[in-house]
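> only geometry, no sequence info:
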């Protein structure tokens with residue numbers, strides 16, 4: 001599994017914005033689609049909320065392949 005560390009300079013970042021910021025998806029529409037399809041797990045649980053607040057220490061895994069760790 002590929003792991004990418006994403007540094008943020010705010011208290012949190014929304015899940016859909018994290019996917020775009022990290023380059024895991026090209027558009028917000030793509031982010032919305034894969035999240036709604038249940039293809040993203042946050043901290044080990046499937047998450048279908050695009051606006052999920054991701055804080056430092058949280059992990060998002062896309063299709064079981066790419067892990068984004070918020071720092």
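Arrived safely, thanks for sending. From a predicted model like this one, the values you see are computed outputs, not experimental measurements.
> in stretch 6-14, what counts as buried?
The neighbour-count check on stretch 6-14 (16 or more other CB atoms under 10 Å) flags 6, 13-14 as buried. C-betas here are computed from N, CA, C, even on glycine.
> How is the closest residue to residue 26 other than its chain neighbours assigned, secondary-structure-wise?
Excluding its sequence neighbours, the residue lying closest to residue 26 (CB to CB, 6 or more residues apart in numbering) is residue 20, at 7.9 Å. Under DSSP: H, G, I helix; E, B strand; the rest coil, residue 20 falls in the helix class.
> what sits up against stretch 6-23?
For stretch 6-23, the external contacting residues (CB atoms under 8 Å, 6 or more residues apart in numbering) are 4, 25-28, 30-32, 34-35, 40, 42, 47, 49-56, 60, 62, 68-71.
> Kindly report the same for stretch 57-71.
Contacts for stretch 57-71 (CB under 8 Å, 6+ apart): 1-8, 13, 15, 18-19, 22, 24, 34, 39-44, 47, 54-56.
> For the residue nearest to residue 26, the count of nearby residues, please.
Per other CB atoms under 10 Å, the neighbour tally for residue 20 reads 17.
> Tell me the buried residues in the biggest helix by length in the chain?
Taking DSSP state H as the criterion, the chain has its longest helix at helix 28-36. Neighbour-count burial for helix 28-36 flags 31, 34-35 (criterion: 16+ other CB under 10 Å).
> Over to stretch 42-58?
Buried, per 16+ other CB under 10 Å, within stretch 42-58: 42, 47, 50, 52, 54, 58.
> coming back round to it: just the contacts of stretch 6-23: which are in strands?
Using DSSP state E, 4, 40, 42, 53-54, 60, 62, 68-70 are the members of those that sit in strands.
> Put the buried members of those into a ChimeraX selection.
Only the buried entries of these go into this ChimeraX selection, using 16+ other CB under 10 Å:
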select :40,42,54,60,62,68,69,70
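> Low-confidence ranges, the protein, go.
For the chain, applying pLDDT under 70 flags no range at all.
> Reduced to three states, what does the residue of it most remote from its centre come out as?
Distance from the centre of the chain peaks at residue 9, with 16.0 Å (CA atoms, centre = their mean). Secondary structure assignment for residue 9 (three-state DSSP): coil.
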